[in-house]
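Participant: Fold the following.
(one chain, ligands or ions: 1)
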Amino acid sequence: MSMDLRDWVRNVPDHPTPGIQFKDLSPILAHPPVFRAAIDWFTEQVRSINPDVLAAIDARGFVFAAPVADRLGISLVMVRKSGKLPPPVVRKEYSLEYAETSTIEIRSDAISDGQSVVIVDDLLATGGTAMAAAELVEGLGGRTVAQLSLIELAFLDGRERITARDPECEVIANIVYD
Ligand code: AMP
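Facilitator: This next block holds a predicted model:
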């Protein structure tokens, strides 16, 4: 079934703060054939990269990464907002599109030396979250080979920041808003 996933993204103006166009993915999740098409797309990207580990970002990254990890038999690790994971963890503070700062954490034993990692999230905005996750991965000896998201807000230049920081890291999105 061919479909444009963009048709299933709901734009919510001024959420969570004035001036932000929130991209709500609930309609995708609520319609099984659409959700399956999204998972199919994620699966094809990950299959061709063939990483050792999928690192999923709390919380909407989990929704997309988990079925892919299951389908392909790839190890899944959670990158979580602070205070959720049991110790030992490593953490990184960073700034967000619509909030001041945020902190994410990963278990210190989640990734081992030399593993290739694809980071999965629902949406790439400024790239702050993606780069913070990449730093955590690299701090544990992993190598971020791709940043994979369903949506990219290209006007926020996340792709450029990620590539400037690490030219080897692919940036892949299905729906791009210019
Ligand atoms: P950033 O760190 O700026 O790239 O922001 C990406 C993270 O914030 C992702 O985890 C998204 O879920 C969330 N996010 C940022 N902007 C939006 C938006 N306009 N709509 C929905 N989620 C967003």
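
Participant: from here on, contacts and neighbour counts on C-alpha atoms
Facilitator: Fine.

Participant: How about the residue nearest to Ile175 when sequence neighbours are not counted: which residues does it bridge to?
Facilitator: Nearest residue to Ile175, sequence neighbours excluded (Cα to Cα, 6 or more residues apart in numbering): Ile151, at 4.7 Å. With DSSP bridges as the criterion, Ile151 is bridged to Leu123, Ile175.

Participant: what's around Val79, how many residues?
Facilitator: By other Cα atoms under 10 Å, the residues close to Val79 number 27.

Participant: who's in contact with it?
Facilitator: Ala55, Ala56, Ile57, Asp58, Ile104, Glu105, Ile106, Ala133 (Cα atoms under 8 Å, 6 or more residues apart in numbering).

Participant: Quick check: residues of this structure near the ligand?
Facilitator: By Cα under 6 Å from any ligand atom, the residues of the chain that approach the ligand are 20-23, 96-97, 121-129.

Participant: Let me know the closest of those residues to Ala69.
Facilitator: Relative to Ala69, the closest of these is Asp121; by Cα to Cα it sits at 13.5 Å.

Participant: picking that back up, and the buried ones among the residues of the chain next to the ligand, selectable in ChimeraX?
Facilitator: To isolate the buried ones among the residues of the chain next to the ligand in ChimeraX, judged by 16 or more other Cα atoms under 10 Å, type:
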select :22,23,121,122,123,124,125,126,127,128,129
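
Participant: Quick test: name the residue nearest the centre of the chain.
Facilitator: Asp121 (1.8 Å; Cα atoms, centre = their mean).
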